[in-house]
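> Please find the sequence and the predicted model below.
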Amino acid sequence: VQLQASGGGLVQAGDSLRLSCALSGRTSIISRMAWFRQAPGRQRELVARIDGSGVSTLYADSVKGRFTVSRDNAKNTLYLQMNSLVAEDTAVYYCAAARSSIIFSAYDYWGQGTLVTVSS
């Protein structure tokens, strides 16, 4: 399974951006998916995750109410709609996919990351 993230860029505070993550290969084995991010000098953190059906989601407190994770299984694509961006959202964003539906199990596949820079 391969993941290709796209959609990052340079935006101003208050702007919106939508990230996409295209899956290819044996996509039928994928269950959970998630977006992580890593800012300079900081550890990677979970931004949002979504279950295999796209019904159950979870968000980091810092993005709750501003970001929306979704997936289109027919198109094998994961999305992250980011609204009301702030400078603290600046990071490299990674998409990840897991074979297991167990929430706390590891993610098996990772995308290459897409840089989001928010200027204040």
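Noted; the coordinates are in hand. What you see is a predicted model, and the numbers here were worked out from it, not measured in a lab. Numbering: from 1, shown residues only.

> and the residue nearest the centre of the chain, what are its bridge partners?
Geometric centre of the chain, nearest residue: Trp35, 2.4 Å, by CA atoms, centre = their mean. Taking DSSP bridges as the rule, Trp35 bridges to Ala48, Cys95.

> Hmm, it is touching Leu19, no?
Yes - here Trp35 reaches Leu19: they are 7.0 Å apart, a contact under CB atoms under 8 Å. Quick note: C-beta positions are derived from backbone N, CA and C, even for glycine.

> Mutual contacts of those two, please.
By CB atoms under 8 Å, 6 or more residues apart in numbering, Trp35 and Leu19 have these common neighbours: 80, 93, 95.

> which stretches of this structure form strands?
Counting by DSSP state E, the chain has these strands, from start to end: 2-6, 9-12, 17-24, 33-38, 45-50, 57-59, 67-72, 77-82, 91-97, 109-110, 114-119.
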